[in-house]
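Chemist: next input, structure requested:
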Amino acid sequence: MASLSNATPEQLQAILNGPALPPPPGVQPNFIDPHNFWLVGVIVVSLGFSIATLSLMMRLYTRCFIMRQVGIEDLRVVGVLYGFCIMLIKIAILLQYVHIFVPRGKAKTNRIWWACYSLIWVHVVYYLVFVLCQIFACTPIAKAWDPLITTGHCISTSALEAATGGLNCISDIIILILPQLRIWKLQMSRKKKIQLSLIFLSGIL
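Modeler: Residues are numbered from 1 along each chain as shown. Alright, predicted model coming up:
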């Protein structure tokens, strides 16, 4: 390759905007309409959303129109779902980071890969424990919402909730910082770095 010091501004811009390496033999690059799993994602999300919505409507119909009794336990289910929702949202973000910042074949030697998957497993293990503690906080379980049950006991969940808040705060900061570490090492203009950085920092909102 010729020395970059002798290249014209147009040649430098073409190099910076071009691919880092040529494609492997037999592979035809397609940057206009690359193959993706968009349709699969839409089908899976739509199917899951439809099943969840149908299940919720059946539950509400049974409670409101057949049993004609809505209990406080129906509200407490939100506390159980919270852990799963937060976990799945953060896992989706971290997997997207892996897809964007980790080159194929370089996963286990890439620090971003290790950081993302470490956070994923920390969240999976922690929120599994969190959900189980939410469900089985009281013995019998109904004591959690039925004040008429005087026997049995409940564990204090205040420490667990404080730990959850701390974990979420720390993981949110790490998730915001991770892409910045890679963006500011890219070979591109400062303006583009700032634009990319602001896009990933929009998660603060």
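Chemist: biggest helix in this structure, by residue count?
Modeler: Ordering each helix of the chain by length in residues (DSSP state H) puts helix 73-101 first.
Chemist: that one: what's the following helix or strand?
Modeler: From helix 73-101 onward toward the C-terminus, using DSSP states H and E, the following helix or strand is helix 111-135.
Chemist: what is that next one packed up against?
Modeler: With contacts defined as 3 or more C-beta pairs under 8 Å, 6 or more residues apart in numbering; DSSP states H and E, helix 111-135 has these neighbours: helix 73-101, helix 158-183. Where C-beta positions appear, they are placed from N, C-alpha and C, glycine not excepted.
Chemist: any chance of CSV for those, columns mean pLDDT, mean neighbour count and distance to L54?
Modeler: Written out in CSV, the entries for the helices and strands packed on helix 111-135 read as follows (pLDDT from 0 to 100; neighbours: other C-beta atoms under 10 Å; distance: least, C-beta to C-beta, whole Å):
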stretch, mean pLDDT, mean neighbour count, distance to L54
helix 73-101, 79, 14, 16
helix 158-183, 86, 14, 30
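Chemist: can you list those in a markdown table and add distance to P25?
Modeler: Supplementary listing: the helices and strands packed on helix 111-135 in a markdown table, determined by distance: least, C-beta to C-beta, whole Å:
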| stretch | distance to P25 |
| --- | --- |
| helix 73-101 | 24 |
| helix 158-183 | 29 |
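Chemist: and of these, who's closest to A144?
Modeler: For the helices and strands packed on helix 111-135, the distance to A144 is smallest for helix 73-101, at 6.5 Å, taking C-beta to C-beta.
Chemist: how about the nearest residue to the one residue sitting closest to the centre of the chain, chain neighbours excluded?
Modeler: Nearest to the mean C-alpha position of the chain, counting by C-alpha atoms, centre = their mean, stands K90 at 2.4 Å. Nearest residue to K90, sequence neighbours excluded (C-beta to C-beta, 6 or more residues apart in numbering): H123, at 5.6 Å.
Chemist: that neighbour: how many residues sit nearby?
Modeler: 22 (other C-beta atoms under 10 Å).
Chemist: could you do Y127 as well?
Modeler: Other residues near Y127 come to 22 when the count uses other C-beta under 10 Å.
Chemist: need the contact list for it.
Modeler: By C-beta atoms under 8 Å, 6 or more residues apart in numbering, Y127 lies in contact with G83, F84, I86, M87.
Chemist: just for this protein, where's the confidence low?
Modeler: Confidence mapping of the chain against pLDDT under 70 gives the ranges 1-5, 70-80, 205.
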